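1. below is the structure, and that's it, no one-letter string:
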């Protein structure tokens with residue numbers, strides 16, 4: 001699952017899961033982070049970004065501060081990122097999530113990999129609620145949708161904002177065009 005706005009492009013390593021389950025996921029599934037990075041690189045390639053600068057959010061505050069605030073970065077995530085950097089040289093170690101999105105908006109990174117749902121969706125929905133698009137990566141076909149729910153409570157009342165839906169359609173069309181060029 002990924003989200004594209006005007007300024008932010010974010011991939012989720014995990015989706016709709018309780019926060020308390022997330023650290024264990026990285027201990028149990030050693031391919032979880034790798035799949036998120038792979039999908040990010042495929043997305044970048046589709047967009048013509050051949051050497052993407054990919055920032056990875058830390059799981060703990062301040063990306064664990066070398067083990068002072070949690071050991072996941074030090075023991076699991078950064079060692080995996082070090083291996084993946086041989087394939088994706090623009091990949092960071094885990095960075096503090098409280099500054100990484102600002103750094104992306106400033107142009108330092110093309111994409112951010114967030115380790116859990118709200119880590120990514122709070123900045124995306126705060127900054128780009130009416131514009132961002134949800135993209136499902138790793139499929140053979142293009143799948144986009146608005147980044148928010150269906151809002152049944154305002155259906156038929158003329159209150160809906162259409163920006164995210166329009167952007168989802170435009171992005172799907174653009175990606176379909178790009179994909180057809182690559183395949184031909």
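-> Received the coordinates, thanks. Worth saying up front: this structure is predicted, and the values here are computed from it rather than measured. Residues are numbered from 1 along each chain as shown.
2. the lowest-mean-pLDDT helix or strand in the chain packs against which elements?
-> Using mean pLDDT, DSSP states H and E, helix 163-183 stands out as the lowest-scoring helix or strand of the chain, at a mean of 87. Here helix 163-183 touches helix 32-46, strand 133-135, strand 144-146, going by 3 or more Cβ pairs under 8 Å, 6 or more residues apart in numbering; DSSP states H and E. Backbone N, C-alpha and C define where each C-beta goes, glycine included.
3. closest one to residue 112 among the ones you listed?
-> helix 32-46 (8.7 Å; Cβ to Cβ).
4. could you check how far the closest one is from the centre of its chain?
-> How far helix 32-46 lies from its chain's middle: 9 Å, per Cα atoms, centre = their mean, to the nearest Å.
5. ok, and what's touching that helix?
-> With Cβ atoms under 8 Å, 6 or more residues apart in numbering as the test, helix 32-46 has contacts from 2, 9, 11-14, 25-26, 50, 52, 54, 56, 77, 80-81, 84, 88, 91, 110-111, 113, 115, 135, 137-138, 175, 178-179, 182.
6. quick check: buried residues in it?
-> For helix 32-46, burial by neighbour count (16 or more other Cβ atoms under 10 Å) applies to 32-34, 36-41, 43-44, 46.
7. just give me the neighbour total for residue 173.
-> Counted by other Cβ atoms under 10 Å, the residues lying close to residue 173 total 12.
8. now the strands for the protein?
-> 2-4, 9-12, 54-57, 91-95, 111-114, 133-135, 144-146 (DSSP state E).
9. looking at the buried residues of helix 32-46, which has the smallest pLDDT value?
-> For the buried residues of helix 32-46, the model is least confident at residue 46; its pLDDT is 90.
10. using JSON lines, please lay out the helices and strands packed on helix 163-183 together with distance to residue 20.
-> JSON lines is the format used below for those (distance: least, Cβ to Cβ, whole Å):
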{"stretch": "helix 32-46", "distance to residue 20": "16"}
{"stretch": "strand 133-135", "distance to residue 20": "25"}
{"stretch": "strand 144-146", "distance to residue 20": "28"}
